[in-house]
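[1] sequence and predicted structure below; questions after.
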Amino acid sequence: MDVVNGYSEHVHCLFRLKNDQTIKDTLQLMKGEPSFWINKHNLIKTKFNWQKEYYAVSVSESHVSKVNNYIQNQEDHHSTVSFDQEFKKFIEKFGFKVYRDDE
């Protein structure tokens, strides 16, 4: 994983996959380990669960530093654009498909 950061209701991660790694398997690990740890240590009053939806995009090597900067500056970015606004814009602009863990 190169960078991880988020804002109140979402997380952005930038990572490089090896040829034998899938997005689905990587996200299961990324979500499973923290969930187990948070619940084991009772860090919140209720059971911690991630939402089922996620989306992933590939990034060319020439854009890695720009994406890294975007992820690191989530708090500033979302002071002017809500996550819902941005998500809807990405879906419309790029035709993203939302996948669920159970698909």
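    Perfect, I can see it now.

[2] so residue 31 versus residue 95, what's the distance?
    25 Å (CB to CB, to the nearest Å). C-beta here means a position set from N, CA and C on the backbone, and glycine is covered the same way.

[3] what about the two, which has more around it?
    residue 31 (16 against 7; other CB atoms under 10 Å).

[4] export the helix or strand hosting that one as PDB, just CAs?
    Element membership of residue 31, judged by DSSP states H and E, is helix 23-40. The C-alpha trace of helix 23-40 is given here as PDB (Å, rounded to 0.1, in the frame of the first residue of the first chain):
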ATOM      1  CA  ILE A  23      -8.900  -6.200  -6.200                       C
ATOM      2  CA  LYS A  24     -11.600  -8.300  -4.500                       C
ATOM      3  CA  ASP A  25      -9.000 -10.400  -2.500                       C
ATOM      4  CA  THR A  26      -6.900  -7.300  -1.600                       C
ATOM      5  CA  LEU A  27     -10.000  -5.500  -0.300                       C
ATOM      6  CA  GLN A  28     -11.100  -8.500   1.700                       C
ATOM      7  CA  LEU A  29      -7.800  -8.400   3.500                       C
ATOM      8  CA  MET A  30      -7.700  -4.700   3.800                       C
ATOM      9  CA  LYS A  31     -11.200  -4.600   5.400                       C
ATOM     10  CA  GLY A  32     -11.000  -7.800   7.300                       C
ATOM     11  CA  GLU A  33      -7.900  -7.300   9.400                       C
ATOM     12  CA  PRO A  34      -8.900  -3.800  10.700                       C
ATOM     13  CA  SER A  35     -12.400  -5.000  11.400                       C
ATOM     14  CA  PHE A  36     -11.100  -7.900  13.500                       C
ATOM     15  CA  TRP A  37      -8.700  -5.700  15.400                       C
ATOM     16  CA  ILE A  38     -11.300  -3.000  16.100                       C
ATOM     17  CA  ASN A  39     -13.800  -5.500  17.300                       C
ATOM     18  CA  LYS A  40     -11.300  -7.500  19.300                       C
END
